[in-house]
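In: I would like to see how this sequence folds:
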Amino acid sequence: MKRSDLIFICCVVLFFLPFFVSDYVYETYNAFNQEHGMIMSFLKFAILATLGEVIGLRIKTGKYNAPGFGILPRALVWGFLGLTIKLAFVIFSSGTVSFLSYMGLENAGAALKGSFSLQKLFVAFCISVFMNTMYAPVMMTLHKITDTHILSTGGTLRGLFTPIEFGGIISKLNWNVQWNFVFKKTIPFFWFPAHTITFLLPVDYQVLFAAVLGIALGTILALASMKK
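Out: Residues are numbered from 1 along each chain as shown. Prediction:
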């Protein structure tokens with residue numbers, strides 16, 4: 001372990017420690033999270049998913065930052081993506097319950113809100129499958145496009161807000177990796193079960209758990225960029 005690794009771990013521990021040792025900090029966080037869910041989603045993903053990408057860079061290069069990597073632009077992009085993820089949670093949770101009720105499982109909503117049961121597990125799994133099948137590929141592809149844009153503009157905030165050449169970037173994406181690794185492997189084998197667990201949790205804990213998964217998401221997408 002390098003000295004930089006020790007410093008990095010200490011910084012992460014110090015950042016999260018107040019939430020575990022201070023009831024006031026934890027209660028303040030919960031209250032703000034309940035009243036301002038979208039703002040908190042922006043902040044959580046801006047911090048945690050970017051943290052995952054930094055970890056991915058460390059695995060790839062041995063460093064936590066590099067010229068042109070653009071930590072701040074990546075954080076802003078992840079914050080925006082966090083808003084869409086929160087939106088997807090709301091839409092697919094209610095939409096899946098409505099669909100299951102339409103298909104004959106009339107107590108799908110009550111099952112999801114109740115204590116653990118096989119029916120609740122089934123509803124949570126359905127939400128996860130629908131969300132990750134319909135929304136996740138679009139979000140992951142958009143992330144890859146913005147990631148490429150950040151790198152091509154030198155990792156600067158000014159560069160982030162320049163027009164994105166969507167056509168040129170999409171045509172040059174490594175679709176072999178995007179399809180065979182990101183879509184075919186991480187979605188069914190990681191995100192389906194991970195978000196099933198998410199939707200089994202109480203609503204107040206779902207966003208927190210999803211934000212923690214944001215570390216895994218950032219790491220996975222960063223590692224995907226390493227694959228040839």
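In: Mind naming the longest helix for this structure?
Out: helix 71-102 (DSSP state H).
In: Which SSE is immediately downstream of that helix?
Out: Following helix 71-102 in sequence order, the next helix or strand is helix 108-113 (DSSP states H and E).
In: which residues of the protein score low on pLDDT?
Out: By pLDDT under 70, the low-scoring segments of the chain are 218, 221-228.
In: what's the distance between the longest helix of the chain and the middle of its chain?
Out: 9 Å (C-alpha atoms, centre = their mean, to the nearest Å).
In: Just the buried positions in that helix, please.
Out: Buried residues in helix 71-102, counted by 16 or more other C-beta atoms under 10 Å: 71, 73-82, 85-86, 88-89, 92-93, 96-97, 100. Glycine gets a C-beta too; all of them are placed from N, C-alpha and C.
In: who does it touch, helix- and strand-wise?
Out: For helix 71-102, the packing partners by 3 or more C-beta pairs under 8 Å, 6 or more residues apart in numbering; DSSP states H and E come out as helix 37-61, helix 108-113, helix 118-134, helix 136-152, helix 157-160, helix 203-224.
In: nearest to Lys172, of the ones you listed?
Out: The closest of those to Lys172 is helix 136-152. By C-beta to C-beta, the value is 7.9 Å.
In: For the closest one, which helices and strands make contact with it?
Out: Helices and strands touching helix 136-152, by 3+ C-beta pairs under 8 Å, 6+ apart, are helix 71-102, helix 157-160, helix 166-172, helix 203-224.
In: Check which residues of it are buried.
Out: So, applying 16+ other C-beta under 10 Å, buried residues of helix 136-152: 136, 139-151.
In: follow-up on the earlier one: the inter-axis angle of the longest helix of the chain versus helix 136-152?
Out: 170 degrees (axes from the mean of the first three to the mean of the last three C-alpha atoms, to 10 degrees).
In: and the angle from helix 71-102 to helix 118-134?
Out: On the basis of the same axes, to 10 degrees, helix 71-102 is oriented at 130 degrees to helix 118-134.
In: and Val13, what does it touch?
Out: By C-beta atoms under 8 Å, 6 or more residues apart in numbering, no residues touch Val13.
In: Give the buried residues for the helix or strand hosting it.
Out: Element membership of Val13, judged by DSSP H and E, is helix 3-21. Neighbour counts over helix 3-21 (16+ other C-beta under 10 Å) mark Phe8 as buried.
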